[in-house]
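Q: Would you be able to build a 3D model of this:
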Amino acid sequence: MWWIPLVFLTVWSSTAAINVEIPKAAYEFARGDNITLPCTFQSVLSQIPLAIISWSAADNLILTHYHPQGITDIKRKYEGRVTVDVKINGASGKADLKLSSITLDDNKEFDCEVQIPSDDEGKSIDATRLTVLVAPSPPICKIEGKAEYGQNINITCYSEEGSPPPTYKWESRDVSNTLQAPWPRTTDNGGTLSLYNISKETSGFYVCTSSNKIRSATCNITLTVMPPSMNVGPVARIITGVVLALILFIVIIEYCCCQKKDKDNEE
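A: Predicted coordinates for the structure are as follows:
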């Protein structure tokens, strides 16, 4: 039975060390939520007389808790919005981090570390990733280019906020609000709807939906494609030139008439 001591040694060596564990590698919560990041630990000691527990985010210390004194030092940045729930029973315990009103700034990796004198072998620290979810802000729709026959234009859609980054989907409706098939000469890329060689049939009501795993938001815009407009600049210059020439012609005629009248009077 030579293998019994070997098995006993293997089991003892795997448990004779501190083990700190966060149950999940990643957590997702919505912005503004009050959340809890759990952390448990197991010591090789039958009782834990002393322990120093710390939480940090992206290598920046958040707080340090001292057991059994029950004293918690919290960094100024987190004062008023973090606490730690510590409970130790014999050789095991927990140290859950509670965060209130989370923001996008909390979108980081968090570490839980437990230090116990005379039990410094094993896994004394564990990490998890916190993803703060933010619903897309109401997108903004814009038309870029001239909405005239034969032109190429872009209709853009963009949400300034959104975590994870939102995706965009376009649909169009005709003047009777009936869903219509996409314009044949169209490309859709990341919220930009490109329309090529547009015509009257391209006119309609365009709706963009910005969405992520939280929720969605929409914007809409009306596209009216018109015939090419006249170039006002050259036309205005032509009219001005004609008027000036007419005035000059009248002045010359008046002058000639006056000259003839004076000559007749002299005779």
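Q: Helices of this structure, start to end?
A: Counting by DSSP state H, residue ranges of the helices within the chain are 3-15, 232-266.
Q: mean pLDDT for those: which is lowest?
A: Sorting those by mean pLDDT places helix 3-15 lowest, at a mean of 38.
Q: who touches the closest residue to Asp188 other than its chain neighbours in this structure?
A: By the measure of Cβ to Cβ, 6 or more residues apart in numbering, the closest residue to Asp188 outside its immediate chain neighbours is Trp170, 5.8 Å from it. Every residue, glycine included, has its C-beta placed from N, CA and C. The neighbours of Trp170, taking Cβ atoms under 8 Å, 6 or more residues apart in numbering as the test, are 155, 157, 182, 188, 193, 206-209.
Q: ditto for Ala30
A: Residues in contact with Ala30, defined by Cβ under 8 Å, 6+ apart, are 132-135, 214.
Q: right, and the pair among these with maximum separation?
A: Val132 and Ala135 (11.4 Å; Cβ to Cβ).
Q: Tell me the spacing between the residue nearest the centre of the chain and Leu104.
A: For the chain, the residue whose C-alpha lies nearest the mean C-alpha position (Cα atoms, centre = their mean) is Gly162; its distance is 3.1 Å. As for Gly162, its distance to Leu104 is 10 Å (criterion: Cβ to Cβ, to the nearest Å).
Q: The residue nearest to Asp188 and Asp111, how far apart?
A: Here the distance between Trp170 and Asp111 works out to 43 Å (Cβ to Cβ).
Q: again, but for Cys219
A: Going from Cys219 to Asp111 by Cβ to Cβ gives 41 Å.
Q: between the two, which one's more packed in?
A: Comparing Cys219 with Asp111 by other Cβ atoms under 10 Å, the one with more neighbours is Asp111, at 21 against 17.
Q: Could you give the bridge partners of that one?
A: The residues listed as beta-bridge partners of Asp111 by DSSP bridges are Ser56, Ala127.
Q: wait, what's in contact with it?
A: Neighbour list for Asp111: 55-57, 59, 125-127 [criterion: Cβ under 8 Å, 6+ apart].
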